[in-house]
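A.B. asks: Need a 3D model of the following:
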Amino acid sequence: MAAYWPEPIVSVQALSQTGVTTVPSRYVKPSHQRPVLNSAQSDAEMEIPVLDMGDVWGKPEGLMLVRKACEEWGFFQMVNHGVNHALMEKVRGAWREFFELPIDEKRKFANSPDTYEGYGSRLGVVKDAKLDWSDYFYLNYLPSSIRNPSKWPSHPTKIREFIEEYGEEVKKLCERLVETLSESLGLEPNCLMKALGGEDKVGASLRTNFYPKCPQPHLTLGLSSHSDPGGITILLPDEKVSGLQVRRGDGWVTVKSVPNALVVNMGDQIQILSNGIYKSVEHQVIVNPGMDRVSLAFFYNPRSDIPIGPVEELLTESRPALYKPIRFDEYRLLIRQNGPSGKNQVDSLLSSK
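C.D. replies: Below you'll find the model as predicted:
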């Protein structure tokens, strides 16, 4: 894969801070991809499910709530999830402080498209592509053998400590969730984890997104429509500024943050493993004309070097395997080369293709 970006990298935050009044053309989306803001569409009052995990774990009726959310939405918000609320606030605040550092300090951690690890402002290496209105910091977390804290930010004070603490709590949450998803599909509790490669071999990464205020939010997106390529994603949203939108039919539902909640969504690998019973759903991020926004996405992914295909126990004569197996390292390369592209990636694996 290319080790360099096809064009010079521009920090969107630095661009926003100059006080520009129009969005540069490289960020202006084609008309059919632009967000619909403040629309009166019927989906506007809909909300993704909110699950109290105290009512889910260890309770058969709770498994049905999870299954319904995963089948119908592919997304839900979790409360009583077990992650320390004060820690959530500390790690989010520390990342806000990082993004407020001078641009020269942040550029010490500039990334390249070979691993994406570090500070960046674009996805994909397609020359002259339309870019998203966001900056980010991406870091590897699991397996621990690929973790390199020297690539993590060193300022503000304690940010590395907070990343480590938050990562460990969310890792435990993901392990419990994978077991819950397995049981909700009628499988043995450890079935999905084994299919992902085992909890000591799974991968995980953290992407902190910074969406600067934007003078023309109707022309661009903070993150283009896509489904997540991995297993499950745990999102720590910005409680003050909404931005995440989930596709619902032909429209979009803006997710309204619930205090101290985490958002979970199914990635493409869970859609593949469940043979299409659970869906990875397209989502995108809109930007705000007057406020910056920060969110943290923790991606819990399969072991990268084993084929991932539908779980055998879920196959029947009437519902044979819908997807061709693929290794996650091959699959992830598609989005790293091309950037976000709706559901094109997982659809390309359909056996009928």
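A.B. asks: contacts and neighbour counts: CA atoms only from here.
C.D. replies: Fine.
A.B. asks: What residues are recorded as beta-bridge partners of residue 299?
C.D. replies: Note on residue 299: beta-bridge partners by DSSP bridges are residue 205, residue 233.
A.B. asks: Check whether it really touches residue 204, as I assumed.
C.D. replies: Yes: counting by C-alpha atoms under 8 Å, residue 299 does reach residue 204; the two are 5.3 Å apart.
A.B. asks: neighbour count winner among the two?
C.D. replies: residue 299 (28 against 25; other C-alpha atoms under 10 Å).
A.B. asks: and the gap between that one and residue 206?
C.D. replies: Residue 299 is 6 Å from residue 206, where distance means C-alpha to C-alpha, to the nearest Å.
A.B. asks: got a list of contacts for stretch 138-149?
C.D. replies: With contact meaning C-alpha atoms under 8 Å, 6 or more residues apart in numbering, stretch 138-149 is reached by 116-120, 151-152, 160, 167, 200-208.
A.B. asks: List the ones among those residues that fall in helices.
C.D. replies: If you go by DSSP state H, the contacts of stretch 138-149 have 160, 167 in helices.
A.B. asks: Show the buried residues in the contacts of stretch 138-149.
C.D. replies: Buried residues within these, counting neighbours by 16 or more other C-alpha atoms under 10 Å: 116-120, 151-152, 160, 167, 201-208.
A.B. asks: Which of those fall within strands?
C.D. replies: Of the buried ones among the contacts of stretch 138-149, the ones assigned to strands by DSSP state E are 118, 119, 120, 203, 204, 205, 206, 207, 208.
A.B. asks: and those as JSON lines, adding distance to residue 227 and pLDDT?
C.D. replies: Formatted as JSON lines, these follow (distance: C-alpha to C-alpha, whole Å; pLDDT from 0 to 100):
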{"residue": "118", "distance to residue 227": "22", "pLDDT": "96"}
{"residue": "119", "distance to residue 227": "22", "pLDDT": "97"}
{"residue": "120", "distance to residue 227": "20", "pLDDT": "96"}
{"residue": "203", "distance to residue 227": "18", "pLDDT": "97"}
{"residue": "204", "distance to residue 227": "17", "pLDDT": "97"}
{"residue": "205", "distance to residue 227": "16", "pLDDT": "97"}
{"residue": "206", "distance to residue 227": "16", "pLDDT": "98"}
{"residue": "207", "distance to residue 227": "15", "pLDDT": "98"}
{"residue": "208", "distance to residue 227": "17", "pLDDT": "98"}
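A.B. asks: Dump those residues to TSV, plus distance to residue 242.
C.D. replies: As requested, those are exported to TSV (distance: C-alpha to C-alpha, whole Å):
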residue	distance to residue 242
118	25
119	23
120	22
203	28
204	25
205	23
206	20
207	18
208	16
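A.B. asks: Return the member of the residues you listed nearest to residue 327.
C.D. replies: Closest to residue 327 out of those is residue 203 (12.6 Å), distances taken as C-alpha to C-alpha.
A.B. asks: all strands of the stretch 151-300 of the chain, in order?
C.D. replies: Taking DSSP state E, counting those that start in this stretch as the criterion, the stretch 151-300 of the chain carries its strands at 203-211, 223-226, 232-236, 244-248, 251-254, 262-266, 283-285, 293-301.
A.B. asks: Who are the packing partners of the shortest one?
C.D. replies: It stands for strand 283-285. Applying 3 or more C-alpha pairs under 8 Å, 6 or more residues apart in numbering; DSSP states H and E, we find strand 283-285 packed against strand 223-226, strand 244-248.
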